[in-house]
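Enquirer: Kindly return the folded structure for what I paste below:
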Amino acid sequence: MTSVVTGFAVIVSIIAVGYVLGRTELLGPSGPVVLSRLAFWVASPALMFHTVAEADLSVLVAVSLVATAGSVAVVMTLFALAGWWRRWGVSYTTLGVICSGLVNAGNLGIPIAAYVLGDATLVAPILLLQNIVVVPVALTVLDLAGRGASMPVWRRFLTPLQSPITVASLAGVAVAASGVTVPEPLMEPFVLVGAISIPSVLMVFGISLRGSARPGRGPDGGPLALAVVLKTVVQPAVAYLIGRALGLSGSELLAVVVLAALPTAQTALTYALRYGHAQVLVREAILVTTALSLPVLVLVATLLK
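Expert: Got it, this is the predicted structure:
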């Protein structure tokens, strides 16, 4: 479990740097906005492109992906139904849905897959699922919720192409499917710029913690509790049940459940800031699920190893 603790320590240290930046106001009042825009418009698309372009798309037909996709679909649907019943609004509910099912597969999932599961490629299916399906669909809904009423029908179908992350992911799929290997001198700029994405998002998260109240207070308490329970308890439990039903066992089942138990991805805060909704809910969901996921991961590894 040393690798799990190390992975969390790295994340916490970068968040702490962001918190110090926020306390000292070193970046000025526009610092978080600039960093989040850099991540959304430049760094994250670069990261998505080179990650997907160099991935093996055959992992999308792996049996383990069915369990992963099933667990994501269940928790996201449950939050969406709760949002519809409680009338939380489309944008707020969509961001809550992201908090419930979007896992931190990049900066935490990769080291955990490498050191706990013994194979970093095990995180590829959920990375591709999120980059190619979940995030583009969620961003499309957010775009339509903001401008859908006044948007012509033909433009609604082009909405996914207005997100740089979606365009970069689709471009990566095209490159991976073609079998063409992008020359290193051309790909290296994407790798270098993409490396800015994760630390930028983590520091923005740290900056946002300055002056924040204890999680769970105010009108976001109910949605937060639901998102946290779905993410830390329901998603790994559903992944386990589906995995067992599909005949997975041993290391394969452990990998599915461990990846489902990862906390909410920090990139969710980038989307909340970009679209101007549910910032408190998203920030607190990331904070609480990150804190709770360590004991959950230890428990899962202990029971299934």
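Enquirer: quick one, what contacts Leu262?
Expert: Leu262 is in contact with 103-105, 108-109, 112, 293, 297, counting by CB atoms under 8 Å, 6 or more residues apart in numbering. Any C-beta I mention is one placed from the backbone N, CA and C, and that applies to glycine too.
Enquirer: Can you list phi and psi of it for me?
Expert: The phi/psi pair for Leu262 (degrees, to the nearest 10) reads phi -60, psi 150.
Enquirer: now do Gly276
Expert: phi 70, psi 30.
Enquirer: Which single one of the contacts of Leu262 is nearest to Val52?
Expert: Ala105 (12.7 Å; CB to CB).
Enquirer: After the helix or strand hosting Met48, which helix or strand is next?
Expert: Using DSSP states H and E, Met48 falls within helix 44-53. For helix 44-53, the succeeding helix or strand toward the C-terminus, using DSSP H and E, is helix 63-86.
Enquirer: got a list of contacts for that following helix?
Expert: Residues outside helix 63-86 that contact it (CB under 8 Å, 6+ apart) are 59, 88-89, 92-93, 96-97, 99-101, 122, 125-126, 129, 134, 222-223, 226-227, 230-231, 234-236, 238-239, 242-243, 246-248, 252, 255-256, 259-260.
Enquirer: circling back to that earlier point, pick out the most distant pair among the contacts of Leu262.
Expert: Largest pairwise distance in these, by CB to CB, is 13.5 Å, between Ala105 and Leu297.
Enquirer: before we move on, the earlier item: pull out the buried residues from the contacts of helix 63-86.
Expert: 59, 88, 92-93, 96-97, 99-101, 122, 125-126, 129, 134, 223, 226-227, 230-231, 234-236, 238-239, 242-243, 246, 248, 252, 255-256, 259-260 (16 or more other CB atoms under 10 Å).
Enquirer: packing partners for the helix holding Met48?
Expert: In this structure, helix 44-53 makes packing contacts with helix 164-178, helix 184-194, helix 197-208, judged by 3 or more CB pairs under 8 Å, 6 or more residues apart in numbering; DSSP states H and E.
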